[in-house]
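**Student:** Sequence plus the predicted model coming up.
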Amino acid sequence: MRRPMVAGNWKMHGTRASVAELINGLSHLALPSGVDVAVFPPFLHINQVIDGLKGKSISVGAQNSAVESMQGALTGEVAPSQLVDAGCTFVLVGHSERRQMGEQDGMLIRKFAAAQACGLIPVLCIGETLEQREAGKTLEVVGRQLGSIIEELGVGAFANAVIAYEPVWAIGTGLTASPQQAQDVHAAIRAQLAAENSEVAQGVRLLYGGSVKAANAVELFGMPDIDGGLIGGASLNADEFGAICRAAGN
Ligand code: PEP
């Protein structure tokens with residue numbers, strides 16, 4: 001049985017004051033014990049969040065990390081080893097908002113490997129644009145994004161990683177993939193992994209992301225290959241985020 005996970009990607013939002021308010025809201029949530037919950041604040045607020053959530057069952061991750069594991073001369077970057085030192089557990093790799101800024105598969109393979117090399121759990125984000133979906137290329141695109149990691153690092157890399165399927169057209173748009181659309185892609189992702197190693201395929205958590213809210217979470221998370229969600233906008237509201245976490249515990 002895979003343990004569900006709900007992850008909140010705060011993106012480039014927050015001030016010290018608003019983050020303190022969000023931490024306070026998260027601290028008072030009644031979270032289901034059977035669900036792993038994590039938040040991904042901006043780098044600037046990671047220490048504040050880790051301190052503020054001490055003793056709570058909420059993990060912290062980063063939204064990005066460097067291609068090199070260890071600290072060094074890389075201006076403006078943050079090394080995975082520094083994130084581990086700060087107390088992070090997870091890191092997003094290949095969020096579509098970063099792919100749109102030019103991050104490509106080759107760089108993402110290095111980021112994924114660097115993160116794992118120092119014990120961070122990568123959350124690999126994959127997904128197609130609207131144009132690619134309309135051209136019938138969804139599975140080809142997602143298959144290539146996933147396949148690039150499998151080819152370089154081996155399927156075993158997913159024994160300790162999470163995958164988030166996030167159709168680009170559903171991120172921050174209010175459009176959501178239907179539960180069946182999402183399930184179809186999740187099943188294809190799992191089948192691609194299973195072709196290499198069925199144990200890894202059965203164990204890996206596949207999160208859906210793209211305008212998930214409390215109102216649509218139960219239906220999405222009820223699909224057999226959807227093991228939780230990566231939540232953007234709705235994770236900035238503690239009560240809404242809590243309701244989504246409870247939906248994953250149903
Ligand atoms: C995301 O940023 O990963 C995301 C899914 O955003 P939203 O929930 O706002 O669509």
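**Tutor:** Sure thing, it's come through. Residues are numbered from 1 along each chain as shown.

**Student:** From Lys111, how far off is the nearest residue to Phe43 once chain neighbours are set aside?
**Tutor:** Leaving out its chain neighbours, the residue that sits closest to Phe43 by CB to CB, 6 or more residues apart in numbering is Val78, at 5.6 Å. Just so you know, the C-beta spots here come from the backbone N, C-alpha and C atoms, and that holds for glycine as well. Distance, Val78 to Lys111, by CB to CB, to the nearest Å: 11 Å.

**Student:** Kindly report the same for Gly76.
**Tutor:** For Gly76 relative to Lys111 (CB to CB), the value is 15 Å.

**Student:** neighbour-wise, which of the two wins?
**Tutor:** Lys111 (24 against 5; other CB atoms under 10 Å).

**Student:** which helices and strands sit right next to the helix or strand that that one is a member of?
**Tutor:** Secondary structure from DSSP states H and E places Lys111 in helix 105-117. Contact here means 3 or more CB pairs under 8 Å, 6 or more residues apart in numbering; DSSP states H and E; on that basis helix 105-117 packs against helix 80-86, strand 90-93, strand 121-126, helix 138-153.

**Student:** run the last query once more with 6 Å
**Tutor:** Based on contacts counted as 3 or more CB pairs under 6 Å, 6 or more residues apart in numbering; DSSP states H and E, the elements that helix 105-117 packs against are strand 90-93, helix 138-153.

**Student:** mind listing what's buried in that helix?
**Tutor:** Asp105, Leu108, Ile109, Arg110, Lys111, Phe112, Ala113, Ala114, Ala115, Gln116 (16 or more other CB atoms under 10 Å).

**Student:** Tell me if I'm right that the third one and Glu152 touch.
**Tutor:** Yes: taking contacts as CB atoms under 6 Å, Ile109 lies within contact range of Glu152: 4.7 Å.

**Student:** What number of residues are in the vicinity of the closest residue to Ala159 other than its chain neighbours?
**Tutor:** In space, and not counting its chain neighbours, Ala159 is closest to Val200: 5.3 Å by CB to CB, 6+ apart. Using other CB under 10 Å, Val200 has 20 neighbouring residues.

**Student:** Quick check, the residue in the protein closest to the ligand?
**Tutor:** At 2.0 Å from the ligand, Gly232 is the closest residue in the chain, using CB to the nearest ligand atom.

**Student:** which residues does that residue contact?
**Tutor:** Asn9, Gly172 (CB atoms under 6 Å, 6 or more residues apart in numbering).

**Student:** Let's see the pLDDT reported for it.
**Tutor:** Confidence at Gly232, expressed as pLDDT, is 98.

**Student:** secondary structure class for Val67?
**Tutor:** coil (DSSP: H, G, I helix; E, B strand; the rest coil).

**Student:** Distance-wise, check the nearest residue to it once chain neighbours are set aside relative to Leu120.
**Tutor:** Closest residue to Val67 apart from its sequence neighbours, by CB to CB, 6+ apart: Arg110 at 4.1 Å. From Arg110 across to Leu120, the span is 14 Å (CB to CB).
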